[in-house]
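K.L.:
below is the sequence, then the predicted model.
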Amino acid sequence: MEIRMPLITILGPTASGKTGRAVSLSHILGSEIISGDSRQVYRGMDLGTGKDLDEYDGVPYHLIDICQAGEKYNLHRYLSDFNKAYSDIGRRGKAAVLCGGTGMYIEAALSGIVLPEVPENKLLRENLSGKPMSELIEILKSYKVLHNTTDIDTEKRAIRAIEIEEYYRQNPEEASASDKRNAKPLDSLIIGIDIPRDQRRCRISERLQARLDAGMVEEVAKLLEEGVEPDDLIYYGLEYKFLTLHVIGKLSFEDMKNQLEIAIHQFAKRQMTWFRGMERRGFKINWLPYDLSEDDFNDRIIDLITHSLSLSSQIQDQS
């Protein structure tokens, strides 16, 4: 049996430098990068999602700019797109690096779960429309324990989450397809970017200012001018929520900036909570300091890869 290079996963909170690390490693491994970000899939949403495409330096990337702004991309579509990209990279004899900060997408991909497509339930949506968020949260809690706070970022997200759970309840056979007990986990070496809270907060603030200076407000204004509905941008949360509210005149620039900065700090905290949860759920994350030199960082990962391949060889010899 051929021993295949494991999928390398690089995760961490926003502004931790994941992309640069993934690109540097990919130059050494000759690998291609698969984005693990739920918003970088949208074309035209560049500064707000932190695509940093100039950092890729010729390294091929996947699952970035694959759909129009205004669409409702979801976990089901991501898993389908991820599996296609990962299989394609493997068929061409290349290694793959999964890089991102959307814990739900990354964990689902690594878990190997398969999700059924959940159709729109118009009657349910009509019945839930207009209900206060507190009531929607209680309804969602009646279906499941809320691990993923992005489900309740907006009314539309909460209603969609309820719609999915109701579909699973009415279609138990299809729901079982998403059960992790039926999944085939991927062999992945997971690297976490470990950055102290104070440094993380400082980098987030500096990064936000840099993106505002680079034209993030203008980016959102352009999307609105092109016909993307304000509610659709607000649905994406974080930068697009607060910037849209500013552009349409509901928030001053200073209020927008202050509220957005607080929201990003809170988001980074939730990201770390998710990653720690992944560890409790059985994923081994090898945490490396964010401020390691490029050479030291890559050397540490190469050592981990070598160890992983050695273990795989020993297991194969014993079988």
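P.N.:
Perfect, I can see it now.
K.L.:
just the strands in the chain please.
P.N.:
With strands called from DSSP state E, the chain shows them at 7-11, 32-35, 42-43, 61-62, 67-68, 96-100, 188-194, 285-289.
K.L.:
for residue 35, give me its contacts.
P.N.:
By Cβ atoms under 8 Å, 6 or more residues apart in numbering, the contact set of residue 35 is 41, 61, 62, 63, 64, 99, 100. Bear in mind the C-beta positions are built from the backbone N, C-alpha and C, glycine included.
K.L.:
quick check, nearest of those residues to residue 85?
P.N.:
For the contacts of residue 35, the residue nearest residue 85 by Cβ to Cβ is residue 62; the value is 4.0 Å.
K.L.:
show me the contacts for residue 227.
P.N.:
Applying Cβ under 8 Å, 6+ apart, we find residue 227 in contact with residue 70.
K.L.:
mind redoing it with 10 Å?
P.N.:
69, 70 (Cβ atoms under 10 Å, 6 or more residues apart in numbering).
K.L.:
now it: how far from residue 70?
P.N.:
Look at residue 227 and residue 70: by Cβ to Cβ, to the nearest Å, they are 8 Å apart.
K.L.:
can you check residue 271 too?
P.N.:
Plainly put, residue 271 is 25 Å away from residue 70 if you go by Cβ to Cβ.
K.L.:
right, and the strands of the chain - which one's nearest residue 119?
P.N.:
Comparison of those against residue 119 by Cβ to Cβ identifies strand 67-68 as nearest, at 18.7 Å.
K.L.:
please state the offset of that closest one from the chain centre?
P.N.:
Its chain's C-alpha centre and that of strand 67-68 lie 16 Å apart, by Cα atoms, centre = their mean, to the nearest Å.
K.L.:
now that strand: average pLDDT?
P.N.:
Averaging pLDDT along strand 67-68 yields 94.
K.L.:
contacts for it, please.
P.N.:
Taking Cβ under 10 Å, 6+ apart as the rule, strand 67-68 contacts 41, 42, 43, 44, 45, 73, 77, 81, 226, 228.
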